[in-house]
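J.: Just to be clear, the model below is a prediction. Sequence and coordinates:
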Amino acid sequence: MTHCRPLPNSQLFDFGRTPTLAPGATHRQLFAVTTDGIALAGWDGSRKAYKGGYSIGVHTGGRTAMAELPLEVAETITLSTIPPPRPN
C-alpha cells in the first residue's frame, strides 16, 4: 500500500490579541510552536508532524504575513494512531 505525502497547507494553530496601542507603540506577543500544532492527519487516522521545513507566518489581519519564521522538523513524529477495528 502506498501512502501519499501531505500537501502544503496553511492552518491557524495559535493567536493572540494585543492591547490597544498608540501610533508607533509596540507590544511583544509570545507563541509556542509545538509538533502538535503542525501535525497533519493521514488517511489511516494517524496524526504526524512530518520531517521537513515549515514557515510560520505572523499576520496582523491581512493576507500577507508581516513576518515569516523558519521551523525545521528533523524527523517524522507520530503523535497518535487509531487502533484497527476488531474482527467480528
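T.: Thanks, I have it. Numbering: from 1, shown residues only.

J.: which phi and psi does the residue sitting nearest the centre point of the chain have?
T.: Nearest to the geometric centre of the chain sits Ile38, at 2.7 Å (Cα atoms, centre = their mean). Ile38 adopts backbone torsions of phi -110, psi 0, taken as degrees, to the nearest 10.

J.: For this protein, which segments count as helices?
T.: Ranges of helices in the chain, per DSSP state H, are 35-38.

J.: With adjacent residues omitted, what lies nearest to Leu71?
T.: The shortest distance from Leu71 to any non-neighbouring residue, by Cβ to Cβ, 6 or more residues apart in numbering, is to Tyr54 (4.3 Å). In this view, the C-beta of every residue, glycine as well, is placed from N, C-alpha and C.

J.: Pull the number of nearby residues for the one you found.
T.: Per other Cβ atoms under 10 Å, the neighbour tally for Tyr54 reads 16.

J.: Now do the contacts for Thr81.
T.: Residues counted as contacts of Thr81 (Cβ atoms under 8 Å, 6 or more residues apart in numbering) are Asp44, Gly45, Ser46, Arg47.

J.: Does Gly45 touch Pro84 like I think?
T.: No. Contact criterion Cβ atoms under 8 Å: Gly45 and Pro84 do not qualify, at 9.6 Å.

J.: For these two, indicate the residue with more neighbours.
T.: Gly45 (11 against 8).

J.: Ignoring the adjacent residues along the chain, who's closest to the more buried one?
T.: With Cβ to Cβ, 6+ apart, the residue lying closest to Gly45 is Ile82, at 3.5 Å.
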